[in-house]
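Trainee: Curious how this folds, go ahead:
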Amino acid sequence: MSHIYHNRTTRFLQLLWRNGLPCALCAPFRRLFAAWIIAGTPRGSFAFRGRSYAYFLDSYNTTWINERSVEIPIIRGELTGAPADEVLEIGHVLGHYGDVGHQVLDKFERGPGIIGHDVCRYVPARRYSRIVSISTFEHIGYDDDGGSRPEDALDRCRQWLTPDGRLTITAPLGYSRAFDRLVATGWPPAGQTSFMLRTGRTRWHEASRQDALAVRYGRPFPYGNGLVVITVGPESGAPDAADPPWVAPIGASRRRPHTA
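Mentor: I've put the predicted structure just below:
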């Protein structure tokens, strides 16, 4: 991750490769005119695991054009009611959108409250009632400096939970083939795995594992077009919620929050 996030040239080339020339050329203008774009973007909501969430639109990292628009609300919902001192975030994301107060474990970023350590080698001094991660696990062992695996990171995080604690991670699909293959096997074997599919600039709905894994990263929309949400803990529900009853098959009539 260091060479992606700490080098502007490499970040641009990565954006060009994954999302195409039009997206790469538009990126500076999206950042420059973010306030006007957000003001003109219709507000809406999406359904996830039986709850309704408002899409999250923010200028940092242009969330209206990527998977952050649904990841942030889902993870914030997971943290509702949890004391900040009982929360650990893997990968520094939420702090870019306001003060959080909880600890953050990030191998490369530095700052107040951020523990600069590898998740597969860190030994915490305490256990946590909530551990969350946004768009980080797909990078582990892929475009960081190697040496770790997503499944090892998840196993370690589970060990850091209190008896009634819960771990929730989100990750875009289509980014890392190795990560997608892992998810396709039914990993993790315990917990609840749900999927989101993107059908518009800011329009997502729940989908089956098969349909979500069929997406391409950066096509047809910039950045993530499919998302996996994994929850492990005593309240995580059924082992696999890949195709929940309120999700219609692809191609069938389905209520959509709004058109963007």
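Trainee: From what I see, H102 and I114 are in contact.
Mentor: No: checked against C-beta atoms under 8 Å, the pair H102 and I114 is beyond contact range at 10.7 Å. (Glycine included, C-beta is placed from N, CA and C.)
Trainee: When those two are compared, which one has more neighbours?
Mentor: The neighbour count for H102 versus I114, taken as other C-beta atoms under 10 Å, is higher for H102 (21 against 16).
Trainee: out of everything not next to it in sequence, what's closest to that one?
Mentor: Using C-beta to C-beta, 6 or more residues apart in numbering and skipping the chain neighbours, the partner closest in space to H102 is V87 (3.6 Å).
Trainee: Tell me what the one you found is bridged to.
Mentor: Beta-bridge partners recorded for V87 (DSSP bridges): R130.
Trainee: Distance check, it against R127.
Mentor: 12 Å (C-beta to C-beta, to the nearest Å).
Trainee: The two - which one has more neighbours?
Mentor: V87 (20 against 14).
Trainee: how about the helices in the stretch 51-200 of the chain?
Mentor: Listed in chain order, the helices of the stretch 51-200 of the chain (DSSP state H, counting those that start in this stretch) span 68-78, 150-159, 177-184.
Trainee: wait, which of the ones you listed is closest to K107?
Mentor: K107 lies closest, by C-beta to C-beta, to one member of these: helix 150-159, at 10.5 Å.
Trainee: quick one: the strands in the stretch 51-200 of the chain?
Mentor: 51-54, 87-90, 103-105, 114-115, 128-134, 161-172, 192-200 (DSSP state E, counting those that start in this stretch).
Trainee: Tabulate the ones you listed (CSV), appending mean pLDDT.
Mentor: Output for the strands of the stretch 51-200 of the chain, formatted as CSV (pLDDT from 0 to 100):
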stretch, mean pLDDT
strand 51-54, 96
strand 87-90, 98
strand 103-105, 97
strand 114-115, 94
strand 128-134, 98
strand 161-172, 97
strand 192-200, 96
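Trainee: want to try JSON lines for those strands, with distance to A153 as columns?
Mentor: Output for those, formatted as JSON lines (distance: least, C-beta to C-beta, whole Å):
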{"stretch": "strand 51-54", "distance to A153": "26"}
{"stretch": "strand 87-90", "distance to A153": "7"}
{"stretch": "strand 103-105", "distance to A153": "10"}
{"stretch": "strand 114-115", "distance to A153": "14"}
{"stretch": "strand 128-134", "distance to A153": "9"}
{"stretch": "strand 161-172", "distance to A153": "9"}
{"stretch": "strand 192-200", "distance to A153": "16"}
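Trainee: for those strands, which one sits closest to D211?
Mentor: Closest to D211 of the strands of the stretch 51-200 of the chain, according to C-beta to C-beta: strand 192-200, at 5.8 Å.
Trainee: Please name every helix or strand in contact with the closest one.
Mentor: Using 3 or more C-beta pairs under 8 Å, 6 or more residues apart in numbering; DSSP states H and E as the contact definition, the elements that strand 192-200 packs against are strand 45-48, strand 203-207, helix 209-213, strand 226-232.
Trainee: May I ask you to confirm that R31 is in contact with S59?
Mentor: Yes: under the criterion of C-beta under 8 Å, R31 makes contact with S59 at 7.1 Å.
Trainee: So for the two, which sits in the more crowded spot?
Mentor: A direct count of neighbours by other C-beta under 10 Å for R31 and S59 places S59 higher, at 16 against 13.
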